[in-house]
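>>> The sequence and its predicted three-dimensional model are supplied below.
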Amino acid sequence: MTCAEFEVLLCDSMDGALDEARRREVEEHQRACAACAELARDASAAMAVLERAEEALPPPELLTRIAFDIPVGRTDEKVHRGLWAGLAGWLHPILQPRFAMGMAMTILSFSMLGRLAGIEVRQLKPSDLNPGAVWAAADDKLHRTWDRAAKYYDSLKLVFEVQSRLKEWSEEAETEERKPKATAAKPGQQKQSKGSTR
C-alpha cells in the first residue's frame, strides 16, 4: 500500500467502514510508515476534539429564513431549463464581447468626463441615496449653475457696455481733434483771401 492510498482510506478506517482485509492493510502500513502513523495520530486527535465539542444549534431566524425561501410545490426541472434557455437566448446579444467592450469604453468615457468636470469619485453611503438628499443636492447644483450663468451674462453685458462707451468716447475724441484743425484752417484761409482782395 502506498501513502496516497493510505490517506484515501484513513477516513473510512476511522469510521469503521472498511472490510477486514483492507483494514489490516491500513494498520500494517501505519506501523511501517512513520509519516502515515503521525497523520493517523493527528486525524484521531482531531476526531476526539470534534467528539468533545458541543453541538452547535442554528439560530431560529435561520430556520425561518430557510423555510421562507423554500419553493412552494413541486419545481419542474424542464420549466427551469426552458426558462434558462429563454433567458440565455434573450441575453445572448448582451453577452457578446463587443457589447462588453462597448460598455467598458462607455464607463471609461464617463469616468474621464467626470474627472475633467471635477466630480469627486468616492464610495457611496446609504445616506447618499436618500431621495431628499439627492433632490436637495440636484436643486443646489441647479441654482449654483443658474447663478453662475447669470453672473457670466451680467459680466458680458457690463463688458459690452464698457467697450461701447470707450468706443463712443474715442470717436468723440477723434471728432474733437478734427474740429479745431478745421476751424484753425479757416482763419488762415480768410487771411489769404483778404490779401488777394487788396
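That came through fine. Residues are numbered from 1 along each chain as shown.

>>> Pop the domain breakdown of the protein in here.
3-54, 130-198 (automatic domain parsing).

>>> among these, which is nearest Arg115?
domain 130-198 (17.5 Å; C-beta to C-beta). Quick note: C-beta positions are derived from backbone N, CA and C, even for glycine.

>>> about what we covered before: with respect to burial, which of the domains of the chain scores highest?
Ranked by mean neighbour count, the domains of the chain are led by domain 3-54 with a mean of 12 (mean count of other C-beta atoms under 10 Å).

>>> dump the residue contacts of the residue nearest to Cys33 when sequence neighbours are not counted.
Ranked by C-beta to C-beta, 6 or more residues apart in numbering and with sequence neighbours excluded, the top spatial neighbour of Cys33 is Cys3, at 6.3 Å. Shown in contact with Cys3 (C-beta atoms under 8 Å, 6 or more residues apart in numbering): His29, Cys33, Ala35, Cys36.

>>> I'd like the average pLDDT over the strand or helix carrying Glu172.
Assigned by DSSP states H and E, Glu172 falls within helix 131-197. The average pLDDT within helix 131-197 is 77.

>>> Stretch 41-53 now?
85.

>>> Quickly name whichever of the contacts of Cys3 is closest to Met101.
Nearest member of the contacts of Cys3 to Met101, counting by C-beta to C-beta, is Ala35, at 52.5 Å.
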